[in-house]
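1. Need a 3D model of the following:
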Amino acid sequence: MLVEDDFDEIGLLKTKNNMARYDASNYSFTIAPTMECNFGCPYCFEEGFRYNTMTDEISAQITSFINRISLKSSSVGVCWYGGEP
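-> Numbers count the residues shown, from 1 in each chain. Have a look, this model is predicted:
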């Protein structure tokens, strides 16, 4: 990629990051309903076996929160994370 010598690429990336971070019309959530995994893959960053699972109460609160947010935003992204099959 060719850019001008005096072009501030890092500054542009920081600006774009801040614009996305504080844009109230777009939301992105990462939800980890469980960390229950018994594979023990050698590349995993998690240490040991943790069997934490989201409670039904927390799940309902998250659903309610995302529903409220989605009424006033143009996009909502959800990424599910945690626990192998």
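2. From the chain's centroid, how far away is the longest helix seen in the chain?
-> When the chain is parsed with DSSP state H, its longest helix is helix 56-71. Taking Cα atoms, centre = their mean, to the nearest Å, the mean C-alpha location of helix 56-71 is offset from the chain mean by 15 Å.
3. same for the following helix or strand past it, what does it pack against?
-> Proceeding N to C from helix 56-71, the next assigned helix or strand is strand 75-80, under DSSP states H and E. Applying 3 or more Cβ pairs under 8 Å, 6 or more residues apart in numbering; DSSP states H and E, we find strand 75-80 packed against strand 26-31, helix 56-71. In this view, the C-beta of every residue, glycine as well, is placed from N, C-alpha and C.
4. Let's see that with 6 Å instead.
-> Judged by 3 or more Cβ pairs under 6 Å, 6 or more residues apart in numbering; DSSP states H and E, the packing partners of strand 75-80 are strand 26-31.
5. relative orientation of the strand it packs on and strand 75-80 in degrees?
-> 10 degrees (axes from the mean of the first three to the mean of the last three Cα atoms, to 10 degrees).
6. partners of strand 26-31 in the sheet?
-> Here strand 26-31 is paired, per DSSP bridges, with strand 75-80 (parallel).
7. can you state the direction angle for the partner strand and helix 56-71?
-> Going by the same axes, to 10 degrees, strand 75-80 makes 150 degrees with helix 56-71.
8. just the CA coordinates of strand 75-80, formatted as PDB?
-> Only the C-alpha atoms of strand 75-80 are listed here, as PDB (Å, rounded to 0.1, in the frame of the first residue of the first chain):
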ATOM      1  CA  SER A  75     -27.400  -2.100  14.200                       C
ATOM      2  CA  VAL A  76     -26.700  -4.500  17.000                       C
ATOM      3  CA  GLY A  77     -24.100  -7.300  16.700                       C
ATOM      4  CA  VAL A  78     -23.900 -10.300  19.000                       C
ATOM      5  CA  CYS A  79     -21.000 -12.600  19.200                       C
ATOM      6  CA  TRP A  80     -21.400 -15.800  21.300                       C
END
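9. Measure how buried Ala32 is and give me the count.
-> For Ala32, the neighbour count with other Cβ atoms under 10 Å is 13.
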